[in-house]
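In: Here's my sequence, what's the structure:
(8 chains)
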Protein chains: 8
Amino acid sequence: MKWNVYLSGEIHTDWRQRIIDGAREHDLPITFTSAVTDHVSSDAAGEVLGPESSGFWRDHKSSKVNLIRTKTLIEKCDLAVVRFGDKYRQWNAAFDAGYCAALGKPYVTLHDEDIIHPLKDVDASAMAWAKSPDQIVEILSYVIRAR
Amino acid sequence: MKWNVYLSGEIHTDWRQRIIDGAREHDLPITFTSAVTDHVSSDAAGEVLGPESSGFWRDHKSSKVNLIRTKTLIEKCDLAVVRFGDKYRQWNAAFDAGYCAALGKPYVTLHDEDIIHPLKDVDASAMAWAKSPDQIVEILSYVIRAR
Amino acid sequence: MKWNVYLSGEIHTDWRQRIIDGAREHDLPITFTSAVTDHVSSDAAGEVLGPESSGFWRDHKSSKVNLIRTKTLIEKCDLAVVRFGDKYRQWNAAFDAGYCAALGKPYVTLHDEDIIHPLKDVDASAMAWAKSPDQIVEILSYVIRAR
Amino acid sequence: MKWNVYLSGEIHTDWRQRIIDGAREHDLPITFTSAVTDHVSSDAAGEVLGPESSGFWRDHKSSKVNLIRTKTLIEKCDLAVVRFGDKYRQWNAAFDAGYCAALGKPYVTLHDEDIIHPLKDVDASAMAWAKSPDQIVEILSYVIRAR
Amino acid sequence: MKWNVYLSGEIHTDWRQRIIDGAREHDLPITFTSAVTDHVSSDAAGEVLGPESSGFWRDHKSSKVNLIRTKTLIEKCDLAVVRFGDKYRQWNAAFDAGYCAALGKPYVTLHDEDIIHPLKDVDASAMAWAKSPDQIVEILSYVIRAR
Amino acid sequence: MKWNVYLSGEIHTDWRQRIIDGAREHDLPITFTSAVTDHVSSDAAGEVLGPESSGFWRDHKSSKVNLIRTKTLIEKCDLAVVRFGDKYRQWNAAFDAGYCAALGKPYVTLHDEDIIHPLKDVDASAMAWAKSPDQIVEILSYVIRAR
Amino acid sequence: MKWNVYLSGEIHTDWRQRIIDGAREHDLPITFTSAVTDHVSSDAAGEVLGPESSGFWRDHKSSKVNLIRTKTLIEKCDLAVVRFGDKYRQWNAAFDAGYCAALGKPYVTLHDEDIIHPLKDVDASAMAWAKSPDQIVEILSYVIRAR
Amino acid sequence: MKWNVYLSGEIHTDWRQRIIDGAREHDLPITFTSAVTDHVSSDAAGEVLGPESSGFWRDHKSSKVNLIRTKTLIEKCDLAVVRFGDKYRQWNAAFDAGYCAALGKPYVTLHDEDIIHPLKDVDASAMAWAKSPDQIVEILSYVIRAR
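Out: Below is the predicted model:
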């Protein structure tokens, strides 16, 4: 069986690449998917449909175009990894976690120790909390290889 | 028909009370529900089950006890109002929004203009964005009274 | 058992009132629900949330506020009556019919004989096609009273 | 991942082909599906089962045979494009949009600016509104290629 | 808790009444529901919508009107009793049993010993097989009164 | 797309083979599935688990073993063909039809004209009624080939 | 809102009564439900349907009659309490916990510290683990009274 | 069609291997899946995420990591075999059976005659009860090969 893992959240560090590389090193049969992680493209996703004068509707239009992708990929995944950094508010990451929880889709969180308290409700529905991409790779390897 | 409205998010201002008061003034047939909004009680929700030496598990235990309440009430509501303030990270509010979205449960957001951009993905799945409790009351009144 | 019947579609004739009156005359235990049927109010449903310069977004905002009501009422109904007149395009009525079909919610259509052909796909998933409000009342009476 | 896109609605212009050609030019991994778009065949779909004297039942029988195809394909698609032209009533397109909405299946609409108002409820549940097949192709390309 | 019990199948003997009377004697909190059990009315259920020249469509129209009632009541019931007599084919009773099975709705069958073999697949998904209305009443009493 | 068609019902004539042969002649991409159609094997399906002294439990055990197969195949099919002959009671065919109906799975019936009336409730939820295997093949060809 | 709490598991001690009494003392709006807890009656639940010579089928028949009750009550509950004692195997309690988990129904476990390890998989999907009926009452009070 | 069979329960005897070997001998198209069956690895599944001082949380963390695997595999299987030995309490096996039952996922049990009574509720929702791996292989062969 090929596993489908969705990587949600923070786009400013290389955590996605480190997990993907680690999985490749372990030769794990995983297809990784993600939202569009290029910030500028993502914010402009709706522009092809015409310009907007209001910032709210510009964001709205782009978010919905992005949602076609993310909603589809989350609903197809077997597991999501949801990453929270310490700088940004990343409400979309928490939103994705809630979305997974309601679908009964397992997810694990990836964040530092200093944000345990504000993330407690997100962690409460998670299957695991990891502090590093390496730990995520270990978990993936164990879960898939069964050893 | 009696409507069931869940009030999610920020607990530091009186927005809940203002919506509840407004609905009462309009004599709207609404049952409002909420998480436990007393911060100290909520953080200590799991303590009756015994002390924990680790902060993570203390939070975890309390969050899950709270989840018995919030999950049940969200799944029973007809509409959720999700409030974001400007100070805290309120990941639980974004989590609740994602949970509603996945269930196909309609929600409206309540937040100021200066956080439109970070909330764009949460707003993209919402039925409306309001800036004040009064606007929420107006929406509720229109939706329920049909005028 | 009290039945819940949603009346969807055309708002320019008195078909809703005729069904409601007929049901009252037969003393049928029905709660009738509907979208907001006042055209001007319905189009302006989103205005309380602030003005829009673009016609598209003005309509969008109002439609979503209306959707809070209609989605909730359709999902709670036991049966929908979907009415098509000959003048307007009433895409929202066909949308409601499709919505009911996907939910497995029974609906009956109400329209004249001259639009049988363009409505064939909407009728194909309906439980019945009626030509007059009186026929709808007869059907309701039979279904509920069992005679 | 191969995407599955259902093309619903108007059958009098070449919009389907333009989207299919555009997707091929961009080398997008999409399987496009559709109802039977030949008008005469579609109307006669039930004839193999025997003749009908009544126009209503002839249409009914054909629509249900067509429904075997369309219902299956819509339920298997990842995204639907719903096209409204200016001439016909296309209630089946609006029906398909409602069907998608109830299933939580994302769809985008394709129509001119002059029918924004009558389509407002169909657009309110859509992920995007496009005015040309080229815009649809751009959206598909962005959503699938993530750039 | 009030129980909702649907009585499906054969309409030529007084089994429904015997169960209803027995439940009343035991003072069980049950609402019993049923299809329209008057054969002539049931066959003519669609006639108010206009005459049909074809027997197939006359039956079709009536069956669908009846389905508004039966589908709704079955989906609302907590338990169904499905009765097979020895004379008629009662395909609708077997259909109801299959419908319940797919919904995960518990049902019990009521039939004589001589039709065990042809009913084996219907009995295989049932919670119990009873031979008399009295046994059904005993089961209902035990299940509801818990003694 | 490869279609998955489940053939349910009567096992005494060659209707299954005629549909399979017809589909092969039309080169249709269909996987046909079925219950075990050998009557003796099917009745003895549970015997490997040990003998039973009671006829009811022998049937029960075999039916449940068969159900592992039929339930799985029906839930995986895109379309079911449900065949009723004139000799046997075939309650399992009507059960399968009800099962499909509750799952929203399209099915077509195959039976002669003289049993229209007792099958009216089974036909009311079907997408089509055919009188011969050839008609079924034509329908399959049209639905899949779209012409 | 009135809460519905299902009490599953061990029937040899007075834990159910202690929870019910505690809830009454706190004046909590709870309806408690349970399987039939009288061991002899429960084992004989199917006897009214006729005697069985085989122990397996006697148990089978009774279990299914009991299942009408337990399945219905579990599916209607808002929360389940699942109790494991140290003496018996209580596979039905673990079965109920798995049933709740798959439905997304919250449950809490009630057991002593010495069986933590064998119950780890049952606890992993629970919302809380309590050691005494008093703790359960405290949790119920907090969850319902929100303080 | 390739079948997907999940093997749940007791890990101290070679029943899994015997079923897998038997299926290979019969050349059955089955993918077998399982939890991690190495007891030590399974208990330590969460250790990569950091040490725990409390036994409860160590078990909890490991169980949840294991749950990522088991939940995913159970939800993807077509059939589960649930094995109970006579020595251990195997609450996880009963939990898996309940999980399958709630999902409508067919399962068969595998256990000796002397634990029929305590397993009666688990068996009541099963499709079959087998006493030996060979019987399981026979059932699989019959169900898949249809003879």
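In: Output the contacting helices and strands for the helix or strand bottoming out on mean pLDDT in chain A.
Out: Every helix and strand in chain A was compared by mean pLDDT, DSSP states H and E; the lowest is helix A:39-43, with a mean of 95. With contacts taken as 3 or more CB pairs under 8 Å, 6 or more residues apart in numbering or on different chains; DSSP states H and E, helix A:39-43 sits against helix A:55-76. Using the backbone N, CA and C atoms, a C-beta is placed for each residue, glycine as well.
In: that older thread, if you count neighbours, what's buried in the least confident helix or strand of chain A?
Out: A:42-43 (16 or more other CB atoms under 10 Å in any protein chain shown).
In: Tabulate the CA atom coordinates of that helix in PDB.
Out: C-alpha atoms of helix A:39-43 as PDB (Å, rounded to 0.1, in the frame of the first residue of the first chain):
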ATOM      1  CA  HIS A  39       3.500  32.700  -0.800                       C
ATOM      2  CA  VAL A  40       3.200  35.100  -3.600                       C
ATOM      3  CA  SER A  41       1.600  32.700  -6.000                       C
ATOM      4  CA  SER A  42      -0.800  31.500  -3.400                       C
ATOM      5  CA  ASP A  43      -1.900  35.000  -2.600                       C
END
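In: And the contacts of it?
Out: With CB atoms under 8 Å, 6 or more residues apart in numbering or on different chains as the test, helix A:39-43 has contacts from A:11, A:35-36, A:59, A:62, A:66, D:142, D:147.
In: Swap in 7 Å and give it another go.
Out: For helix A:39-43, the surrounding residues in contact (CB atoms under 7 Å, 6 or more residues apart in numbering or on different chains) are A:11, A:36, A:62, A:66, D:147.
In: what's the neighbour count on the third one?
Out: Using other CB atoms under 10 Å in any protein chain shown, A:Ser62 has 24 neighbouring residues.
In: Repeat that for the one 4 residues further on.
Out: Each residue near A:Asn66 was counted by other CB under 10 Å, and the total is 25.
In: Ok, A:Thr13 next?
Out: Around A:Thr13 there are 12 other residues, counting by other CB under 10 Å.
In: which ones are touching the residue lying closest to A:Gly46 once chain neighbours are set aside?
Out: In space, and not counting its chain neighbours, A:Gly46 is closest to A:Lys61: 3.1 Å by CB to CB, 6 or more residues apart in numbering or on different chains. Contacts for A:Lys61 (CB under 7 Å, 6+ apart) come out as A:46, A:49, A:52.
In: surely the last one meets A:Arg58?
Out: Yes - A:Glu52 lies in contact with A:Arg58 (CB atoms under 7 Å); the separation is 4.1 Å.
In: Residues of chain A that sit close to chain B?
Out: Contacts of chain A with chain B, taken as CB under 7 Å from any CB of the partner chain, map to A:55-56, A:59-60, A:63-64, A:67, A:89, A:91-92, A:94-99, A:101-103, A:116-124.
In: mind checking the backbone torsions on the residue of chain A most remote from its centre?
Out: Using CA atoms, centre = their mean, the residue of chain A lying farthest from its centre is A:Ser53. It sits 30.3 Å away. Dihedral pair for A:Ser53: phi -80, psi -30, per degrees, to the nearest 10.
In: same deal with A:Ala130?
Out: The phi/psi pair for A:Ala130 (degrees, to the nearest 10) is phi -120, psi 150.
In: likewise A:Arg16?
Out: Dihedral angles (degrees, to the nearest 10) for A:Arg16: phi -60, psi -50.
In: quick one, what contacts the closest residue to it other than its chain neighbours?
Out: Spatial nearest neighbour of A:Arg16, excluding adjacent residues (CB to CB, 6+ apart): A:Leu7 at 5.0 Å. Contact partners of A:Leu7, counting by CB under 7 Å, 6+ apart, are A:16, A:19, A:32, A:34, A:81.
In: got the angle between the longest strand along chain A and helix H:55-76?
Out: Secondary structure of chain A per DSSP state E: the longest strand is strand A:3-9. Per axes from the mean of the first three to the mean of the last three CA atoms, to 10 degrees, the angle that strand A:3-9 makes with helix H:55-76 is 120 degrees.
In: Paired strands for strand A:3-9, with orientation please.
Out: Sheet pairing for strand A:3-9, assigned by DSSP bridges, gives strand A:30-34 (parallel), strand A:79-83 (parallel).
In: which of the ones you listed is buried the deepest?
Out: strand A:79-83 (a mean of 25; mean count of other CB atoms under 10 Å in any protein chain shown).
In: C-terminal to that strand, what's the next element?
Out: helix A:91-103 (DSSP states H and E).
In: same question for the helix or strand just after that following helix, mean pLDDT?
Out: Once the chain leaves helix A:91-103, the next helix or strand it forms, by DSSP H and E, is strand A:107-110. Average pLDDT, strand A:107-110: 98.
In: contacting residues around strand A:107-110?
Out: A:15, A:79-84, A:97, A:100, A:119, A:122-123, A:126-130, A:136, A:139.
In: and what of stretch A:127-143?
Out: A:5, A:15, A:18-19, A:22-23, A:26, A:28, A:30, A:81, A:106-110, A:112-113, A:123, H:45, H:48-49, H:64-65, H:67-69.
In: Stretch A:89-103 now?
Out: So stretch A:89-103 is contacted by A:8-10, A:74-75, A:80, A:82-84, A:107, A:122, A:125, B:89, B:91, B:94-99, B:101-103, B:118-119, B:121-122 (CB under 7 Å, 6+ apart).
In: any idea of the pLDDT on the residue in chain A that chain B sits nearest to?
Out: Scanning chain A for the residue nearest chain B gives A:Gly98, at 2.9 Å (criterion: CB to the nearest CB). For A:Gly98, the model assigns a pLDDT of 98.
In: Count residues in the vicinity of the nearest residue to it once chain neighbours are set aside, would you?
Out: Excluding its sequence neighbours, the residue lying closest to A:Gly98 (CB to CB, 6+ apart) is B:Gly98, at 2.9 Å. Other residues near B:Gly98 number 30, with proximity taken as other CB under 10 Å.
In: Chain H versus B:Gly98, what's the distance?
Out: Using CB to the nearest CB, to the nearest Å, B:Gly98 is found at 20 Å from chain H.
In: go on, A:Pro118?
Out: Counting by CB to the nearest CB, the gap from A:Pro118 to chain H is 20 Å.
In: Do you know the pLDDT at that residue?
Out: Confidence score, pLDDT, at A:Pro118: 95.
In: how many neighbours does it have?
Out: Counted with other CB under 10 Å, A:Pro118 comes out at 17.
In: Could you do A:Tyr99 as well?
Out: Around A:Tyr99 there are 27 other residues, counting by other CB under 10 Å.
In: chain center to stretch A:19-28, what's the gap?
Out: Remark: stretch A:19-28 is offset 17 Å from the chain centroid, using CA atoms, centre = their mean, to the nearest Å.
In: do you know how far whatever residue of chain A ends up closest to chain E is from G:Lys76?
Out: Taking CB to the nearest CB, chain E has its nearest neighbour within chain A at A:Gly104, 16.7 Å off. For A:Gly104, the distance to G:Lys76 (CB to CB, to the nearest Å) stands at 20 Å.
In: which ones are touching the closest residue to chain C within chain A?
Out: Residue nearest to chain C within chain A: A:Trp57 (5.4 Å; CB to the nearest CB). By CB under 7 Å, 6+ apart, the residues touching A:Trp57 are C:Trp57.
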